[in-house]
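Q: 3D model of this:
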Amino acid sequence: MRIGRTTLTVVMITGGLALSGCSGGLGNIFGGQPAAQPVANERPARERSQPERETIWDLFADRDDPNTTVEVNKYLWNAALDVLNFMPLESADPFTGVMVFGYGTPPGGGGAYRATVVVRDPALDARSIEVALMSRGGPVSTETAHQVEDAILARARQLRIQDRKL
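A: Numbers count the residues shown, from 1 in each chain. You can find the predicted model right below:
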């Protein structure tokens with residue numbers, strides 16, 4: 001019985017000390033002046049200097065502006081699919097404008113190429129598209145990548161003209 005009573009006393013004292021260490025409630029257990037309470041609508045200086053904390057629950061919060069959209073030119077998108085149709089499409093993200101093509105051999109022979117196409121802007125001009133080409137031996141020349149970009153731009157303009165004739 002004596003061991004049970006001693007254990008209960010230790011648990012009660014530990015619990016009391018733990019509760020007194022919590023903010024608010026029982027006051028200062030060791031005597032001294034209680035800490036000054038900040039004004040309700042004013043954040044303490046310590047919190048103002050720290051950046052906003054992120055938690056795991058922020059993954060589920062909807063913090064993105066719903067009015068923000070990524071615009072991708074549909075003519076450039078479709079033209080890239082038309083021009084590079086000899087390559088298998090591995091992944092495409094229409095929200096960011098990125099298309100990744102696997103290795104394919106162009107019509108007329110030659111080596112196999114793979115490409116990554118990024119449509120950056122809704123405008124129908126050269127700054128809106130970027131093509132990165134790779135062969136099995138490594139990256140190809142920038143001139144070849146520019147020729148593919150030009151072919152995609154020309155096809156996009158053709159698609160736009162066809163669309164206006166409807």
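Q: kindly format the C-alpha coordinates of stretch 157-166 as CSV.
A: Coordinates of each C-alpha in stretch 157-166 appear next as CSV, following Å, rounded to 0.1, in the frame of the first residue of the first chain:
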residue,chain,number,x,y,z
ARG,A,157,0.1,29.7,-87.8
GLN,A,158,-1.4,27.3,-90.3
LEU,A,159,-3.8,25.9,-87.6
ARG,A,160,-4.8,29.4,-86.7
ILE,A,161,-5.6,30.3,-90.3
GLN,A,162,-7.6,27.1,-90.7
ASP,A,163,-9.5,28.0,-87.5
ARG,A,164,-10.5,31.4,-88.8
LYS,A,165,-12.0,29.9,-92.0
LEU,A,166,-14.6,28.0,-90.0
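Q: need the residues that contact it.
A: If you take Cβ atoms under 8 Å, 6 or more residues apart in numbering as the criterion, stretch 157-166 is touched by 75, 78, 79, 82, 124. Glycine gets a C-beta too; all of them are placed from N, C-alpha and C.
Q: list the contacts of residue 125.
A: So, once contact is read as Cβ under 8 Å, 6+ apart, residue 125 ends up touching residue 153.
Q: quick one: it from residue 99, how far?
A: Applying Cβ to Cβ, to the nearest Å, the value for residue 125 to residue 99 is 19 Å.
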